[in-house]
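Peer 1: All I have is the shape, not the residue letters:
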């Protein structure tokens, strides 16, 4: 709930020029009516203006409003108009009436604004007591909202005195007062010495320049004091009769009133321009800080702790993000925090999340802290979403593996088991006499399918080791010409293989057992897809970057480019023409990468598929290679 700006006083730079203009209008209308408006009427009109302006303005502006109102009554209560008459019954009555009016109105304004603020806070507390998704009532040591900040919503310029004071600091205001105390007397002495050469208009312009100069240095309130002091000096030294506050000529009193009004109005404009410049600089600093924060987040530091760390590095102090869990507040992320933060400023992000900050410098404005709080909350949510996504992806991968494994068990494992069972059942039949050749065929079928089962189960176990991270390769210098024949002999119905390894080929850094499995799976896959009369080939060569490339080549149908990466995925099978569960290439890739190598699929010249395995050399020397094979 909000009541807008009704609970804030109007600052002096806004209300004083309006008040002076209203009083000047009353005096002008009184003079134009030619006596039809009595002195009592002038006092009542000035009292109404003074009361309304004092009620709406800050209390510090009330004395000035009352003073200008009294000057208006003293100068326009009776003819000759615009001739100030500081003595007499009307002047005394006006001083008392306007003084009481301004003080009373200023006090009522303070009470009224306090009541509105209290009403706003009570309404917010009532709204926060809602059961569902509500912000809990703040207990001692717990968190409140952004209302801890003075004057206006976070980041707004507002009209409060805090914002006004933030434009020009106390040191500059004191310097403005000191400048006025020195400049105005000096200027008065000089202008008095030149009285014969200057008129009142020239004096007014000189004093106006002085007031503007004081405004630029010290801000609005020193300029108001300087304008009043300048008007009194002009009245005492430059208006007839000299060295009295009485003004005989109406035009001179009008000139003095116009001077004060114009001086205050110009001071207000200059002050507001200076305040806007300070606010613009502060906004630029906030934008730069938020841009740096965005660059930090985009650069990868997308965690709540990293954002709070950026806040404390850029603006000092301590920061802590707390979350409501189980009825209490739990620290979720922190930066620079040593223990609890009992006296910290508390920023409510949402009902279950709060940011505590303390010790920041003046550049950490409420708007900037609110931006950091929102970014920290978003980073916390993104971090948790990433964790949940990773868990979901792991579950999905596990489900996919289990589904593929069930499919493999239901088809590829049951087929050889069925063949083994049928052959064993046939051999155990007592009513059939099998010949020696028949028995040999059945035993060969049993052995062939048992070897096939052994290979399938071995690949499944190897893939399980890869996924669980239990594979620990033992790397040592290994010769290709020693491992390749062993891998070939370990295959069922060892296929023909054209192997080309140059004489004196350097050793590679690999695990011999894992490298044997890699080559066995690649050769077995190449043999299945090679046409009759074109056996697979194994080539070993050095690459330009000093590694070893082992290429297993077949001349079959090949693999389309868009599926070259897919063939290395577990249980990936491009067709059902060949037996297997689709784990051979996946196991080969896992073992190659575990040894620090890489594997890729290329097209074979003339048709077919080439699988290249790249492994590191033992040393960096490149031996002179012969042409033998």
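Peer 2: Yep, it's here. Since the structure is predicted, the reported quantities are computational estimates derived from the model, not experimental observations.

Peer 1: quick one: secondary structure of residue 550?
Peer 2: Put simply, residue 550 is strand when judged by DSSP: H, G, I helix; E, B strand; the rest coil.

Peer 1: Please name the nearest non-neighbouring residue to it.
Peer 2: The shortest distance from residue 550 to any residue other than its chain neighbours is 4.5 Å, reached at residue 613 (C-beta to C-beta, 6 or more residues apart in numbering). Heads up, the C-betas are built off the backbone N, CA and C, glycines and all.

Peer 1: same check, this time on residue 228
Peer 2: The shortest distance from residue 228 to any non-neighbouring residue, by C-beta to C-beta, 6+ apart, is to residue 260 (6.9 Å).

Peer 1: Name the helix or strand for that neighbour, please.
Peer 2: helix 250-298 (DSSP states H and E).

Peer 1: Let me see the contact set for the residue nearest to residue 550.
Peer 2: Going by C-beta atoms under 8 Å, 6 or more residues apart in numbering, residue 613 touches 518, 522, 549-552, 588, 592, 597-599.

Peer 1: what sits up against stretch 252-267?
Peer 2: With C-beta under 8 Å, 6+ apart, stretch 252-267 has contacts from 13, 16-17, 20-21, 23-24, 27, 68, 71-72, 75, 82-84, 200-201, 204, 207-208, 211-212, 215, 220, 223-224, 226-228, 230-231, 234-235, 239-240, 247.

Peer 1: Show me the shaky parts of the stretch 201-350 of the chain.
Peer 2: Scanning the stretch 201-350 of the chain with the threshold set as pLDDT under 70 gives 245-248, 250, 253, 296-301, 339, 341-343.

Peer 1: If I look at the residue nearest the centre of the chain, what pLDDT would I see?
Peer 2: The centroid of the chain falls nearest to residue 375 when counting by C-alpha atoms, centre = their mean (3.9 Å). pLDDT recorded at residue 375 is 81.

Peer 1: hmm, back to that, can you lay out the contacts of residue 613 as CSV showing pLDDT and neighbour count?
Peer 2: Output for these, formatted as CSV (pLDDT from 0 to 100; neighbours: other C-beta atoms under 10 Å):
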residue, pLDDT, neighbour count
518, 86, 31
522, 88, 26
549, 90, 16
550, 91, 26
551, 91, 18
552, 91, 26
588, 83, 26
592, 86, 26
597, 90, 23
598, 91, 14
599, 91, 20
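
Peer 1: Among those residues, which one lies nearest to residue 36?
Peer 2: Ranked by distance to residue 36 (C-beta to C-beta), the contacts of residue 613 are led by residue 598 at 103.9 Å.

Peer 1: In contact with the nearest residue to the closest one once chain neighbours are set aside, which residues?
Peer 2: Using C-beta to C-beta, 6+ apart and skipping the chain neighbours, the partner closest in space to residue 598 is residue 614 (4.8 Å). Applying C-beta under 8 Å, 6+ apart to residue 614 gives the contacts 543, 547-550, 592, 597-600.

Peer 1: circling back: what about the residue nearest to residue 550, is that helix, strand or coil?
Peer 2: strand.

Peer 1: So which residues of the stretch 101-250 of the chain form strands?
Peer 2: Using DSSP state E, counting those that start in this stretch, the stretch 101-250 of the chain contains no strands.

Peer 1: What residues of stretch 29-46 count as buried?
Peer 2: Across stretch 29-46, burial judged by 16 or more other C-beta atoms under 10 Å covers 30-31, 37, 39, 42-43, 45-46.

Peer 1: would TSV of those residues with distance to residue 510 be doable?
Peer 2: Listed next are those as TSV, based on distance: C-beta to C-beta, whole Å:
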residue	distance to residue 510
30	108
31	109
37	110
39	112
42	107
43	107
45	103
46	102
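
Peer 1: Where is pLDDT lowest across those?
Peer 2: residue 31 (76).

Peer 1: related to what we said a few turns ago, for the residue nearest to residue 598, name its beta-bridge partners.
Peer 2: residue 549, residue 598 (DSSP bridges).

Peer 1: From residue 597, how far out is it?
Peer 2: 5 Å (C-beta to C-beta, to the nearest Å).

Peer 1: Residue 415 now?
Peer 2: 33 Å.

Peer 1: and residue 533, helix, strand or coil?
Peer 2: Residue 533 - assigned by three-state DSSP - is coil.

Peer 1: Give me the number of neighbouring residues for it.
Peer 2: For residue 533, the neighbour count with other C-beta atoms under 10 Å is 7.

Peer 1: gap between it and residue 496?
Peer 2: For residue 533 relative to residue 496 (C-beta to C-beta), the value is 10 Å.

Peer 1: can you list the buried residues of stretch 29-46 in JSON lines and add secondary structure and distance to residue 333?
Peer 2: Shown next, in JSON lines, are the buried residues of stretch 29-46 (DSSP: H, G, I helix; E, B strand; the rest coil; distance: C-beta to C-beta, whole Å):
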{"residue": "30", "secondary structure": "helix", "distance to residue 333": "68"}
{"residue": "31", "secondary structure": "helix", "distance to residue 333": "70"}
{"residue": "37", "secondary structure": "coil", "distance to residue 333": "70"}
{"residue": "39", "secondary structure": "helix", "distance to residue 333": "71"}
{"residue": "42", "secondary structure": "helix", "distance to residue 333": "66"}
{"residue": "43", "secondary structure": "helix", "distance to residue 333": "65"}
{"residue": "45", "secondary structure": "helix", "distance to residue 333": "62"}
{"residue": "46", "secondary structure": "helix", "distance to residue 333": "60"}
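
Peer 1: Out of these, which two sit at the greatest distance?
Peer 2: 31 and 43 (15.6 Å).

Peer 1: all strands for the stretch 451-600 of the chain, in order.
Peer 2: Counting by DSSP E, counting those that start in this stretch, the strands of the stretch 451-600 of the chain are 476-478, 498-500, 508-510, 537-542, 547-553, 598-603.

Peer 1: Tell me which of the ones you listed is the most buried.
Peer 2: Highest mean neighbour count among the strands of the stretch 451-600 of the chain (mean count of other C-beta atoms under 10 Å): strand 508-510, with a mean of 25.

Peer 1: I figured residue 102 hits residue 52, correct?
Peer 2: No. At 10.5 Å, residue 102 does not count as touching residue 52 under the criterion of C-beta atoms under 8 Å.

Peer 1: Where do the domain boundaries of the chain fall?
Peer 2: 1-124, 473-616 (automatic domain parsing).

Peer 1: picking up where we left off before, would you list the strands of the stretch 451-600 of the chain in JSON lines and tack on distance to residue 346?
Peer 2: Formatted as JSON lines, those follow (distance: least, C-beta to C-beta, whole Å):
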{"stretch": "strand 476-478", "distance to residue 346": "62"}
{"stretch": "strand 498-500", "distance to residue 346": "74"}
{"stretch": "strand 508-510", "distance to residue 346": "59"}
{"stretch": "strand 537-542", "distance to residue 346": "66"}
{"stretch": "strand 547-553", "distance to residue 346": "59"}
{"stretch": "strand 598-603", "distance to residue 346": "54"}
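
Peer 1: circling back to that earlier point, ok, how many other residues are close to the residue nearest to residue 228?
Peer 2: The burial count for residue 260: 26, using other C-beta under 10 Å.

Peer 1: Repeat that for residue 231.
Peer 2: Residues lying near residue 231 (other C-beta under 10 Å) number 21.

Peer 1: How far off centre is stretch 597-610?
Peer 2: 47 Å (C-alpha atoms, centre = their mean, to the nearest Å).

Peer 1: In contact with residue 309, which residues?
Peer 2: By C-beta under 8 Å, 6+ apart, the neighbours of residue 309 are 335-336.
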